[in-house]
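S.K.: what follows is a predicted protein model with its sequence.
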Amino acid sequence: ACGGGGGTTATEEPAGGASSPASGLKVGLAFDVGGRGDKSFNDAAYAGLEKAKTDLGAEIKELSPAADGSNRGDLLRQLADAGYNPIIGVGFAYAEDVKAAATEYPDIEFAIVDSASSAPNVTGLLFAEEQGSYLAGVAAAAKSEAGHVGFVGGVENDLIRKFEAGFDAGVKSVKPDAKIDVTYLTPDGDFSGFQAPDKGKIAAEKMFQDGADIVYHAAGDSGLGVFQAAAAAGKKAIGVDSDQRQTVTETNLQSVIMTSMLKRVDVGVFEFIKAFQGGAKGGQDVTYDLKVDGVGLATTGGEIDDIKDQLDKAKQDIVNGTIKVPSQPES
Amino acid sequence: MSADTLATARPAVELEGITKRFPGVVANHDIRITVRPGTVHAIVGENGAGKSTLMKILYGMQRPDEGTIKVNGEQVSFRTPSDAIAAGIGMVHQHFMLADNFTVLENIVLGAEPRKGLNLDTGAARRRITDLAAAHGLRVDPDRLVEDLGVGDRQRVEILKVLYRGARILILDEPTAVLVPQEVEELFQNLRELKSEGLTVIFISHKLDEVLDIADDITVIRRGTTVASVDPREVTARRLAELMVGSELPTPETRESTVTDKVALKVAGLTMEADGHRPVPKGTSITAYVDKLRQDGRRLLLDDVSFEIHKGEILGIAGVEGNGQSELIEAIMGIRQAHGDVELDGRDISSWSTLKRRESGIGYIPEDRHRQGLLLEASLWENRVLGHQTRKPAKNGPWVDRKAAKADTERIIGEYDVRTPGVDTLALALSGGNQQKLIVGREMSGEPSFLIAAHPTRGVDVGAQAAIWDHLRNARAAGLAVLLISADLDELIGLSDTIQVIYRGRLVAALDPSDITPERLGGYMTGAIAGTEEE
Amino acid sequence: MTRVGKYHLALVAVAALLLLVSLVRVVTGHNDITSSGTFGAALTLAVPLALVGLGGLWAERAGVVNIGLEGMMVLGTWFAGWAGYQWGPVAALVAGLLGGALGGLLHAIATVSFGVDHIISGVAINLLGPGLTRFLSEVLYREGTAASAAGGAITTSPPLSSPVPEVSLPVLSDGPDLLGKLESTHWFLLSDVAGILRGLTHDVNVLVILAVLLLPLTFYVLWRTPFGLRLRSAGENPWAAESLGVSVYRIKYVAVMISGAFAGLGGTFLVFDATKYVEGQTGGRGFIGLAAMIFGNWRPGGLAAGAGLFGYADGLQLRSSNSGAFTSVFLFGAMILLIYLVLEARKLMSADLEARGVRQYTVMASATLGMIVLFWLWLTVDQMPSELVKMAPYLLTLIVLLVASQRLRPPKAAGVTYRRGEQH
Amino acid sequence: MPAGLNRALLTLAGAVVAIVLAIAVCSVAIVAAGGDPLHALTAFFDFGASERAQSNSVATLFNRAVPLFIAGLAVAIGFRMNLFNIGVEGQYRIAAICAAYVGSTFVAPAPIQIAVIIVVAMVVGGLYALIPAIMKVTRGVNEVIATIMLNYIAINISAYLVRGPFAGARAEGELTVSTPPLPDSGMFPDLNFVFGWFGMLAPTREGGLWGFLVVAIVLGVVLWVVLERTRFGFDVKASGLNQSAALAAGVNPKRMVIAAMVLSGAIAGLIGLPEVLGSTGSFGTTFTSGLGFLGIAVALLGRNKPAGIAVAALLFAFLDRAQGPLQFANIPPSVIEIIQGVIVLLVVVANEVTNRFALRLEERRAARQLKVTA
Ligand SMILES: Nc1ncnc2c1ncn2[C@@H]1O[C@H](COP(=O)(O)OP(=O)(O)OP(=O)(O)O)[C@@H](O)[C@H]1O
Ligand SMILES: Nc1ncnc2c1ncn2[C@@H]1O[C@H](COP(=O)(O)OP(=O)(O)OP(=O)(O)O)[C@@H](O)[C@H]1O
Ligand SMILES: [Mg+2]
Ligand SMILES: [Mg+2]
C-alpha cells in the first residue's frame, strides 16, 4: 500500500491558495458515525476542512450520518446534488458508498479516508497506522522496565488490528521476548467499544495488574479508561490519533500519556483539497506514512526525548524500506 | 344520645335523580332510593339493570352525570372511594377486589395501614383482624395468600376489609352468588348482627328468597331506573320477579326422566396431583402409583373420581368451591393433565387434546366467563367462533367464515335473548348476564353430545335463568348428557337426575335429588354428614 | 420455617459454588477466576445494571412496564456530566437523578395519565433520550463554548470538576492490606474468599456503597412499609387498591419517577467511573438491567444476583483475552454436570420408581455426553475465538436461566393500562 | 356509518394535532439551537433541486421504509400474542449473513437464486427465533430476557462469521469485511420504471428503488389475510387477548408460542434483504443495524396492523430522509431523533385522547336516543 503515487501531492502544486478566487471551490465532507466533536478522528478531518476554508477560501459543508449509518450513501449524493466538488467520506465504512457515488457522479471528485481508491474519480487517503504504531511499540518497549506492555483496541475490526500489528512489531523489534497483552472491547459490528471508558479501564487495569507498565490504546473514548487505569496504577499509557496529552484536560491523566500515535487526517484532507484545486485527478491512493509525516509520535511532555535516536532510526528504516511493518497481526 | 334519635330520623343514604351514561348505554336513569339507617335494604333487578353502577356511584368509584347523593342527610360529592370511606361507606364488589399475590392481612389493611414509625405494623394489624374476625364470626387466617383461598374465604376477606375501615354503611353487591347455604346463613347472621349494631346494609342479589329473608326494604330497578319500592313482608318472590322482568318466577324443576341406558361419558379413576403431573413410571400400574402417592402423603386434587353419565342425564356435582370441581372439569376438557380414563361415547379420549375433545362433541360452559369463556376485547361474533374455530359454521377451509359466524351469532342473540346492539359489539360492553347467555348459546350450538355446565346461571337474572334452564332441559330431552356444577343448590337439585357430592377431591356421596333438601345437601358438602344415601 | 429453610439452602449453595470455583482455580491455575481484580471489575460492571434493574423493579411493581430505562439512563449520564463538570460530583448525582426522573415523568404522563401502551412510550423515550442529549451537546458543547474550552466536545462532557471519593476497608483491603496478602498466597479456598472480599471492598466508589445500600432499602420500602404495600398493590390489582381509596395514579407517578431516577443514578455511576459523560456510554445497559430484574423474579435479591452474575462474566471476559482464563469455564461446566450426574445416580440407586424412565435416562446420557465434551474442550482449547469469549456473559445468563427453570411471577397488572373507575 | 366516519375523521385530526405539536416542540429546540424552524420545516420537504435529486430522494424514502415496514410486521406478530420479541434485531442479522453467504456460493437463474436466498433468510430467522420459543415453552424462560441476550449473541456470531468462515475476498487497502458478493442473478431487479409512470427521471442512486418493495407489499397483504381472516390468525388473536380462554377453546398455547415466534423470526429474516439484494450484494461492516428496535416503535405506532405499520414506516422513513437536508439548513440532525420520539409519543397520546372523545360523543348519542324512545 506504500506505492500508488503516494505522498507526492503536496509537492505537485506549490501553495498558491491566495491567488485562487474564493468562489468556485465547494468542498463537502461526510463524517463517520459519531460525527463532529469526537476530538479525534472526525474532528481531525474537520480541522483539515476548516483549514481549506481559511487557506483556500473554500466553501465547506459537513454532514453527519444517522446513528445507524444507514444514510452514508445518501449524504454523499445530497452533497453531489448540491454542487459540492470534491466530496470526502471520512472513515473506511464509506468504501462502498463512495464507490457507488463515484460511479453515479463521474464528474465529481471523491476522496475516502482510510480506504483505497475504487474508481477513477476516487482518491484513497490511506494512513500507515501500522508504521506509527510501530514507533509507539518501539517507544513502549524501550521505556518498559518490565518488558511487558499492552494494547487495548476498541472494536475488533481490521483498522484497529492494523494498530495492533504495528505496535506488536515495534515492541518485538526492541525486546523480542516482551510480553504483549491484547484486549478488544467489543467484536466487529458493535461500535460501543469506542464509547466504553469503563470497559477500557477494566481491560487496562488487568494488564497493569499482570505487570504491564505501558498500555497503548486505539479505542476512541474508551481510551480515557486506559489513562485512568494507568494513573491509578502509576504506570504509563500511549494515546492515539491526536496528541492526547494536549486534548485530554485532566491534569492527572495528561502526565500518564507518554506519547500519542498521531494520525494526521487533517493533513490528508487538506492536502487532498489543495491538490484538487490544483487540478489533480483521483483514481489513486495517497498514503500518509512516516515518510510524509502522515503518522508519527507526539513529543509533548518530552517523555520520549531520551529515546529520540532510537525512534528516529526506526523511522528511517521504515522510510527506507529496510523494515516492512505488517498491517495485520500474525495470529 | 340525641344524635342517635336524630340519625334515625335522617335516612342513611338518599339517592335522587341519579343518571349515568356509558357509551351506547344508559346504565342509570333518574334513580331514586332512600335507605333507612340500621336496616338491610335490598336492591333487585335484571342483569344489566344498573345495580352495580349505582353502587359504584355511591362508593365514589364512578361519578354520576346527574343527580344528588345524601349520606346521613348531608349532601356529598365523592370524587374517589376514599371520600366514600371517609363518610363511613364500605363496599363489597360483585367481582372480588383482591390482590391474589398478597396475604389476607395485606389485602385488608391496604389503604388504611397501621404504622409503627415508618413500618407497616403487621402485629397490630393482625390483632385487629383477629379481633374483628372473632367478633363477627368471620374465620380467616391473616397470613395466607389470597390465591390459595376458596371463594367463601375470599368473600369473608372482602367483608373484613369493609369492617376494618369501620364502615357504617355496607354495600354488598351479590355477595351470596358464590356461597353455599350454610355460608349464606352465616353471612346473614353476621348482617343481622351488624344491623343490630346500627349499621346500614345495602344488599344486592338475584336470589329472591334470600332477599325476602334478609331485607327490611326492597327497591326494584328495571332498565336503569327505579320501578318500585316494596315491603318484603307484603310481597312474594313471584310478585318481585314480575316487578323485575314482568314474568313469572321460574323454577328449575325437571319433569319426567329422560335418562337412557347409553353411556355418554365415563370417567374412571381420575386422579390429579397437586404439585404437578408426573407420568406413571413404566411397569407400574396406575392404581399402584396412586396408592403410593397417597402413602407418600402427596396432596391429591382429584382422588380416584369415577362416574358415568348417560345420554339424556344431568349429573350434578355438589361441593363447596375448591374441592376439586375446577380440576375435574379441566381434566375432562384436557386442559390439565390427570391420571385415569375418560371415555366419550365409548372412545377413550384421555390422551386427546382439548381441541379434539371439543370437536368430538364436548360443550363447555366455564365457571369463570371472563377468564375462560370470553375474549372481552373481541366482538360477539368472534366470541362465537371461540372454541368452534375448527368447525362449521365458523370454519371454511383454513379461513374463518365471517359471514356464517355472524349469521349464527345473530341466531344465538335471537334464541337466547342476548341484549346487545349487534354482533360487532365488543363482549365487554355486555352485562354479565348477557355475556353468559351468549356463552350458553355458543356451547349449545353444534349439538354437543356432552356438556359441561359450570355455574350456568351464576349472576344471571331470573328471566335469563329460566331461559337457560329451558335450553338445558330441552337438550337433555334430545339426549344430551350434562355434567352440572353449581353453587346454586336449588338449581342443582331441580335440574339433576343424580347428584354426586365432591369433598376434598373425592366423590363422597351419591344422592337422589328428589328427596334432598338444600340444607341436607349442604351438610354433605361441608363434610358434616358422611356416607352415601341409599336411593 | 420454609423461609429459613430456603435461606439455609441458599447459603449451602453459595458455599458449594465457592468450593467448586476454588477447585477449578487450583486445577487450572487461572487465579483470575477469584482475584480481587476480577471481583472489583465485576462490581463496577454490576452496579449500573443493578441500579437500572432496581429502576425497572420500582416501575413494574407499580404496574408500569418500563422499557424506556435505557433512554432514562442516557438522560442521567448527560445531566450528571453537565452538572458534574461545573459543580462537582454531588451536583452530578443530583442532576443525574433528576435527569432520569425527568424521563420517568414523561413515561408516567404518557402511560398513567394518557393510558398509552407502556411499551410504546418506553420505546419513544429510548428514541428521545439519545436524541435530546445529542442535541443538548450540540448546542452546549460545540466549539467556542466555555464547556468546549474546559475539555468538552459534542461526544463528551468536560471532566467532573473534582474527583469522586473512593474508599477501602481499612487494614483488611488497604494499608496493611491483609486480604491482598492472603489472596496472593493462592491457597485453596482461603485465597479465593480473600480475593472476592478484597475485590468488593478495595477502592470502592462511594456510589457503589450507595447502590448496594439501595437494594435492601428498596426491599424495606416496598415490602415493609405502608407506602410499599400501596405501591405493590398498584401493580397487582390497581382496581382493588382504588376501591380502598389508594390514589393509584399518584402512586404510579411516584414509582415511575423513582424508577427513572434509579436509571439516572445508574447513568451517574457510569459518569463517575469515566469521570465524564461519554456519548453512548450506557451501551444497552438499560435492557440488560431489565433482563437482570426479570432474572431476579422482580425482587431486589434476585436482581442483585442477576446483575452480579452478568457483571462477573463480563468482567472476567474483559480481563481474560490474554490469559485464556475463560477456558476454565469448560472445566467448571464439566464439574457441575458431574455433580448433577452423581446426584441423579444416587436417586436411581434409591430405587425410587418415579425416577426411572426413558426421559430420565436420556437426560442423564446427554449430561454425560456434555460433561465429556466440556472436559475434552478444556483439555484441548487454550484460546477461544474472541467473539465467543465476548458472548460468554450473554450465553451464561441464558444457560443459568435454562437450568434454574424458575417460576417467574411478574406483578399481575404490570403493563396493564389502568383507568380510574373502568375495570373489567 | 356516520359514527364510523366520525371516528376516522377524529383519528385523522388526532394525528394532525400530534404532528403539529411535535413540530412545535421541535421548533423550540431548533430556536434554542439558533436555527430557524420554518427553514427546518421546509428542509423536510426539500427533496432536492434537480429532477435527479428528487427521484433519488423518493427512492431513498421508500428504500428506508421497506425494511422498517418488514421489521414492524415481524415485531407485530409477536405483539398480537403478547409475545415480546425483542429479538428481531438479532434474528435479522443472523438471517442476513447466512442468506448473503449461501447466495454467494452458487449461481442459478435469477428467480431461483433470489428465492433460495429469501428462503434461507426466513429459515435462519425462524430458527433463531425458535430458540427463545423453545426455552419459553419447555423451561418457562421469559422471552424478553432470552431475546435480549440472543441479540448480543447474534452480534458476536455474525462478527465471527463475517471475519472467519463466511469472509469474502477484499480489495487491497479495503478495511471493511463482508461476505462474498452475490452473483448478478442474486440481485433483486429495481423498480425504477415506476418513476416513468409519474413522468419522473429514474433514480440514479445505487440500486435505484429497491425491488424488494414488491415483496414487502405482498408480505403485508399476506400477513393481513393470515392474521385477520384465517383460523391461525384467530388463534393468535385469541391467545393474545385471553390466554386461558384460548386454552379452554382448544388452542394449544405452546404450539402458538412456537408458531408465532417462528413466523415472527422468519419475517424478521427478511429485514436485511432489501439492502443486501438491492444494493450491497453482501453482508458486511456497513450492514444497517438497529432496525429491529425501530421496528418495535413502527409496529406499535401502526397498532400492530399491516396498513398502520406501512404508514408508520413511511413516516419514519420520511423523517430519516431529512437528515441531510436538515444539516444543509444548519439544523442539528439530532432534531430528527427528537421529532421521532415526540411524534411516537404524541401520536399515541392523541390516539387515546380522540378515542375517549369519540366515546363521549357516543354516550351523548345514546342519551339522545333514549330520550327519543322514552
Ligand atoms: N364502565 C362501563 N362502561 C360501559 N358500560 C358499562 C360500564 N359499566 C356498566 N356498563 C353498562 O351499564 C349497564 C348496567 O350495568 P350494571 O353492572 O350496573 O348492571 P347490574 O344491574 O349490576 O347487572 P348484573 O345483575 O349483571 O350485575 C350494563 O348495560 C352495562 O353493560
Ligand atoms: N369499560 C367498560 N366498557 C364497557 N363495558 C364495561 C366496562 N366496564 C365494565 N363493563 C361491563 O359492564 C358490565 C357491568 O360490570 P360489573 O362490574 O357491574 O359486573 P357485571 O358484569 O355486571 O357482573 P356479572 O358478570 O357477575 O354479572 C359488565 O358486563 C362489564 O363487562
Ligand atoms: Mg352487577
Ligand atoms: Mg352482572
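M.R.: Perfect, I can see it now. Ligands and ions are numbered 1, 2, ... in the order given.
S.K.: which residue ranges of the stretch 401-535 of chain B form helices?
M.R.: B:402-415, B:432-444, B:462-477, B:489-495, B:518-525 (DSSP state H, counting those that start in this stretch).
S.K.: and those helices, which is most packed in?
M.R.: With neighbours taken as mean count of other Cβ atoms under 10 Å in any protein chain shown, these reach their highest mean count in helix B:432-444, at a mean of 25. (C-beta placed from N, C-alpha, C; glycine too.)
S.K.: that one packs against which elements?
M.R.: If contacts are counted by 3 or more Cβ pairs under 8 Å, 6 or more residues apart in numbering or on different chains; DSSP states H and E, helix B:432-444 sits against strand B:362-365, helix B:380-385, helix B:402-415, helix B:462-477.
S.K.: mean pLDDT and distance to ligand 3 added to those, as JSON lines?
M.R.: Listed next are the helices and strands packed on helix B:432-444 as JSON lines, based on pLDDT from 0 to 100; distance: least, Cβ to the ion, whole Å:
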{"stretch": "strand B:362-365", "mean pLDDT": "92", "distance to ligand 3": "20"}
{"stretch": "helix B:380-385", "mean pLDDT": "92", "distance to ligand 3": "20"}
{"stretch": "helix B:402-415", "mean pLDDT": "91", "distance to ligand 3": "21"}
{"stretch": "helix B:462-477", "mean pLDDT": "86", "distance to ligand 3": "13"}
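S.K.: and the closest residue to ligand 1 within the stretch 101-250 of chain C, backbone torsions?
M.R.: Distance from ligand 1 to each residue of the stretch 101-250 of chain C (Cβ to the nearest ligand atom) is smallest for C:Trp239, at 11.5 Å. Phi and psi for C:Trp239, reported as degrees, to the nearest 10, are phi -70, psi -40.
S.K.: okay, now it: neighbour count?
M.R.: Using other Cβ atoms under 10 Å in any protein chain shown, C:Trp239 is surrounded by 24 other residues.
S.K.: hmm, B:Ala99 and it touching each other?
M.R.: No. Here C:Trp239 lies out of contact with B:Ala99, judged by Cβ atoms under 8 Å, at a distance of 9.7 Å.
S.K.: residues contacting the closest residue to ligand 3 within the stretch 51-200 of chain B?
M.R.: Closest contact between the stretch 51-200 of chain B and ligand 3, by Cβ to the ion, is at B:Ser52 (3.0 Å). Contact analysis of B:Ser52 by Cβ atoms under 8 Å, 6 or more residues apart in numbering or on different chains lists B:His93, B:Gln94, B:Asp173, B:Ile204.
S.K.: so which helix or strand takes in it?
M.R.: Assigned by DSSP states H and E, B:Ser52 falls within helix B:51-58.
S.K.: what about that helix and ligand 1, touching?
M.R.: Yes. Using Cβ under 6 Å from any ligand atom, we find that helix B:51-58 touches ligand 1 at B:Lys51, B:Ser52, B:Thr53.
S.K.: mind checking the SS state of the nearest residue to the last one once chain neighbours are set aside?
M.R.: Pointing back at B:Thr53 there. What sits nearest to B:Thr53 in space, not counting adjacent residues and going by Cβ to Cβ, 6 or more residues apart in numbering or on different chains, is B:Ala27, at 4.1 Å. Following DSSP: H, G, I helix; E, B strand; the rest coil, B:Ala27 is assigned to strand.
S.K.: can you get me a residue count around B:Ala27?
M.R.: B:Ala27: 24 neighbours (other Cβ under 10 Å).
S.K.: contact partners for it?
M.R.: B:Lys20, B:Arg21, B:Gly50, B:Thr53, B:Leu54, B:Gly224.
S.K.: A:Asp190 too?
M.R.: Applying Cβ under 8 Å, 6+ apart, we find A:Asp190 in contact with A:Val155, D:Ile155, D:Ala159.
S.K.: one step back: got a pLDDT number for the residue of the stretch 101-250 of chain C closest to ligand 1?
M.R.: With respect to pLDDT, C:Trp239 scores 90.
S.K.: also the one 5 residues further on?
M.R.: Here the pLDDT value assigned to C:Leu244 is 89.
S.K.: relative to chain D, how far out is the residue of the stretch 151-300 of chain A found nearest ligand 2?
M.R.: As assessed by Cβ to the nearest ligand atom, ligand 2 sits closest to A:Ser192 within the stretch 151-300 of chain A, at 44.8 Å. A:Ser192 sits 10 Å away from chain D, taking Cβ to the nearest Cβ, to the nearest Å as the criterion.
S.K.: look up how far C:Glu138 lies from that residue.
M.R.: Distance of A:Ser192 to C:Glu138, given as Cβ to Cβ, to the nearest Å: 21 Å.
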